[in-house]
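Asker: When you get a sec, could you give me coordinates for this:
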Amino acid sequence: MADRRLQVFYTVAKQLSFTKAAELLFMTQPAVTFQVKQLEEHFNTRLFERSHGKISLTPAGQLVFDYAERILSLSSEMETRMQEMTGGLAGPLSIGASTTIAEFMIPRILGEFKSAYPRVQPRLVVGNSEMIENLVADHMLDLGFIESPPHLPQLKNEILCEDELVMICAPQHPLAQSTSVTPKQLAELPYVSREPGSGTREFADQFFAKHGLTPEEMNIVMELGSPEAVKGVVETGLGFGVLSRATVEKELKLRTLVAVPFRPRLTRIMSMVLPKEKFRSRLLTTFVDFAAARFNNPAKAKA
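Answerer: Residues are numbered from 1 along each chain as shown. Next comes the predicted model:
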């Protein structure tokens, strides 16, 4: 119910960028600019200073921002409480997930939850862990699933499960018959990597650095934005990749890829992040408990 102009202004103010706000709101940049201009005309004052390609809040803009944050939060809480009073679990549920989780883990959970609560309307936003974390912190999403520890202090982190990263390669790769592989064995070999900002890339970089190899010292021949893209390139024999074992189950059965564990093992924690201060509705609480149970008991999720 909150004024759309206020929602758009708030997003621009949080990002300090019309371009980023347009991406997050799934709007064109001219449409975002128009909404902000309308709000400025309504208050008869400028809300942003524009200088040298950058924007900042004017004193009036800061005042509107402070009120907008409270208004939007209360509006969301009111909508949720009214839905809970007038029926069972229902309403929109905005979820974010990093690419690996979105492609290989969360779809079945969302399907089961929708079957149990048909009046819920889940919306899934997919991006790398950094993007999802920022969207949750900006209250653009109700919660997020990420593959790396959260970096923002305003987020609450709930650990879900452990995930193993492995070296993947084509069957004809020199290391395909190995029972395990060390970071130093990979130092000079062509490396097909995930993009910076992804949880998989962050963990791989940390792992290699711990063993004396910086990203600059790795022979990265390509950076790609999804596990599927990495698998597709690695299958051609161009180089090796580092992915979650959960993402290559199909390829291992078809024998188009080989997965070799690291020595020592490379594991990470899958996490769920939520804003610390945001009102948590019964719908959100129910979904959080539902998802946590499925991550902690994968066999139940596949049943």
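Asker: When you work out contacts or count neighbours from here on, use the C-alpha atoms and nothing else.
Answerer: OK.
Asker: Show the secondary-structure elements that the longest helix seen in the chain is packed against.
Answerer: If you go by DSSP state H, the chain has its longest helix at helix 59-85. Helices and strands touching helix 59-85, by 3 or more CA pairs under 8 Å, 6 or more residues apart in numbering; DSSP states H and E, are helix 4-15.
Asker: if we can go back for a sec, and the longest helix of the chain, how far out from the chain's middle?
Answerer: Taking the mean of its C-alpha atoms, helix 59-85 sits 24 Å from the chain's own mean (CA atoms, centre = their mean, to the nearest Å).
Asker: Give the buried residues for the helix or strand following it.
Answerer: The helix or strand immediately downstream of helix 59-85 is strand 91-98, counting by DSSP states H and E. Buried positions in strand 91-98, judged by neighbour count with 16 or more other CA atoms under 10 Å: 91, 93-98.
Asker: all helices of the stretch 151-300 of the chain, in order?
Answerer: Ranges of helices within the stretch 151-300 of the chain are 183-186, 199-210, 227-235, 249-254, 282-296, 298-302, based on DSSP state H, counting those that start in this stretch.
Asker: Redo the ones you listed as TSV? Include distance to Tyr117, mean neighbour count and mean pLDDT.
Answerer: Shown next, in TSV, are the helices of the stretch 151-300 of the chain (distance: least, CA to CA, whole Å; neighbours: other CA atoms under 10 Å; pLDDT from 0 to 100):
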stretch	distance to Tyr117	mean neighbour count	mean pLDDT
helix 183-186	46	14	95
helix 199-210	31	19	93
helix 227-235	31	19	96
helix 249-254	30	12	95
helix 282-296	10	16	89
helix 298-302	16	11	44
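Asker: which one of these lies closest to Asp66?
Answerer: Asp66 lies closest to helix 282-296 among the helices of the stretch 151-300 of the chain, at 25.2 Å (CA to CA).
Asker: coming back round to it: compute the inter-axis angle for the longest helix of the chain and helix 4-15.
Answerer: Angle of helix 59-85 versus helix 4-15, following axes from the mean of the first three to the mean of the last three CA atoms, to 10 degrees, is 120 degrees.
Asker: Report the rounded mean pLDDT for helix 59-85.
Answerer: Helix 59-85 carries an average pLDDT of 82.
Asker: Where does pLDDT dip in the protein?
Answerer: By pLDDT under 70, the weakly predicted segments of the chain are 1-2, 80-81, 83-88, 278-279, 297-303.
Asker: Mind doing that once more with 80?
Answerer: Scanning the chain for pLDDT under 80 picks out 1-2, 73, 76-90, 148-149, 277-280, 296-303.
Asker: quick one, longest strand in it?
Answerer: In the chain, assigned by DSSP state E, the strand with the most residues is strand 258-275.
Asker: domains of the chain?
Answerer: Here the domain assignment for the chain is 4-84, 87-161+270-302, 162-268, based on automatic domain parsing.
Asker: Just the closest of the buried residues of strand 91-98 to Glu77, please.
Answerer: Closest to Glu77 out of the buried residues of strand 91-98 is Gly91 (12.0 Å), distances taken as CA to CA.
Asker: ok, the closest one touching Arg119?
Answerer: Yes: counting by CA atoms under 8 Å, Arg119 is a contact partner of Gly91 at 6.5 Å.
Asker: As a markdown table, the helices of the stretch 151-300 of the chain with distance to Gln7 would be great.
Answerer: Listed next are the helices of the stretch 151-300 of the chain as a markdown table, based on distance: least, CA to CA, whole Å:
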| stretch | distance to Gln7 |
| --- | --- |
| helix 183-186 | 47 |
| helix 199-210 | 29 |
| helix 227-235 | 33 |
| helix 249-254 | 42 |
| helix 282-296 | 21 |
| helix 298-302 | 36 |
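Asker: can you tell me which of those helices comes nearest to Ile168?
Answerer: The minimum distance between Ile168 and the helices of the stretch 151-300 of the chain falls on helix 227-235, with 7.5 Å, by CA to CA.
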